[in-house]
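Engineer: turn this into a model:
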Amino acid sequence: MKIRRLHPWNLRYEEAVAVQRRLSRQIREKALPRPIDTIAGADASYHPQGSKVHGAVLAFTFPDLVLADRAMASDTPPFPYVAGLLSFREAPVLEKAFSKLGTTPDVIIFDGQGIAHPRAMGLASHMGLILGCPTIGCAKTRLVGSYPPPGQAKGSTAPLNYQGRIVGAVVRTRPGVKPVFVSPGHAITLAEAIDLVLDCSRGYRLPEPVRQAHLAVNRYRLKAEGSPVGVKK
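Structural biologist: As a prediction, the model looks like this:
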């Protein structure tokens, strides 16, 4: 895939925040231009005491979700973990992985936030601009906003509100299991993001492209570092 070099990654905190604010003005929430044939999942993983971060991108046919392509990469994170600035830690290694991917997905789901972010610039939004591709944020935890509890049935949703605006949805992908937090990343609507996350949910909490990317990147890290599989963040 083609990578757009929007800015350097080794920035100070204030510079990174300024980049997010500038780039957020380029985010577009708009309907997909055509039906999708391929969808990808991306995730990153690092050992709590490790010096390397690893990234995985898996592309699948849609709607049957047959694996079509995959790419892995490793890098040294240029930025410490700071809430709200995750993309400055994980996007560089994901850039490397996407640059190796022979398939250009129609949509990409990230294990992270989209516009449900203090500056509307979560990992999915940032990567959407870098890749020039529709993206979805599907996070396991809330970063901003408030919401009423969704129903317990699969497909139940509740709006995620932040500063007087609906920035995402709390989505139940499996009955009785904790919901995920879905938000548009770039070049997609919230309704489409919700539908695709549910269409890709196959009995697990995470949609299958992200779940498979999560499993793949942890296997890759284990092989690369010879360390136990741990929590990425």
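Engineer: where does this structure dip in pLDDT?
Structural biologist: Counting by pLDDT under 70, the chain shows low-confidence ranges at 48, 50, 227-233.
Engineer: and the helices in it?
Structural biologist: 13-24, 87-100, 123-131, 190-199, 208-225 (DSSP state H).
Engineer: so which residues of this structure form strands?
Structural biologist: Secondary structure of the chain by DSSP state E: the strands cover 38-45, 53-61, 67-75, 107-110, 135-139, 157-162, 165-171, 180-186.
Engineer: so which of those comes closest to residue 27?
Structural biologist: strand 180-186 (5.4 Å; CB to CB). Yep, even glycine has a C-beta here, placed from its N, CA and C like the rest.
Engineer: only C-alpha atoms, please: export that closest one in CSV.
Structural biologist: Extracted in CSV, the C-alpha atoms of strand 180-186 (Å, rounded to 0.1, in the frame of the first residue of the first chain):
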residue,chain,number,x,y,z
VAL,A,180,-16.7,-2.6,22.0
PHE,A,181,-16.4,1.1,21.3
VAL,A,182,-16.8,1.8,17.6
SER,A,183,-16.1,5.1,15.9
PRO,A,184,-15.4,6.2,12.3
GLY,A,185,-11.7,6.6,11.6
HIS,A,186,-11.8,8.3,8.2
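Engineer: what's it packed up against?
Structural biologist: Packing partners of strand 180-186 (3 or more CB pairs under 8 Å, 6 or more residues apart in numbering; DSSP states H and E): helix 123-131, strand 135-139, strand 165-171, helix 190-199.
Engineer: give me the nearest residue to the residue nearest in space to the middle of the chain, chain neighbours excluded.
Structural biologist: The residue lying closest to the centre of the chain (CA atoms, centre = their mean) is residue 110, at 1.6 Å. Setting aside the residues directly before and after it, residue 110 is nearest to residue 124 in space (CB to CB, 6 or more residues apart in numbering), at 4.1 Å.
Engineer: show me the contacts for the one you found.
Structural biologist: The contact partners of residue 124, taken as CB atoms under 8 Å, 6 or more residues apart in numbering, are 108-110, 112-114, 135-138, 183-186.
Engineer: likewise residue 45?
Structural biologist: 53, 54, 55, 56, 214, 217, 218, 220, 221, 232.
Engineer: what residues are bridge-paired with it?
Structural biologist: residue 54 (DSSP bridges).
Engineer: roughly how far apart are the residue nearest to residue 110 and residue 76?
Structural biologist: Computed as CB to CB, to the nearest Å, the residue 124 to residue 76 distance reads 23 Å.
Engineer: what does residue 111 give?
Structural biologist: Distance from residue 111 to residue 76, by CB to CB: 20 Å.
Engineer: same question, residue 62
Structural biologist: 34 Å.
Engineer: those two - which one has more neighbours?
Structural biologist: Between residue 62 and residue 76, counting by other CB atoms under 10 Å, residue 62 is the more crowded of the two (21 against 10).
Engineer: wait, that one touches residue 40, no?
Structural biologist: No: in this structure, residue 62 is not within contact of residue 40 by CB atoms under 8 Å, at 9.8 Å.
Engineer: which ones are touching the nearest residue to residue 1 once chain neighbours are set aside?
Structural biologist: The shortest distance from residue 1 to any non-neighbouring residue, by CB to CB, 6+ apart, is to residue 98 (4.7 Å). Taking CB under 8 Å, 6+ apart, we find residue 98 in contact with 1, 3, 42, 57, 71, 131.
Engineer: what is the burial count for the fifth one?
Structural biologist: Here the neighbour count serves as a burial measure; for residue 71 (other CB under 10 Å) it reads 22.
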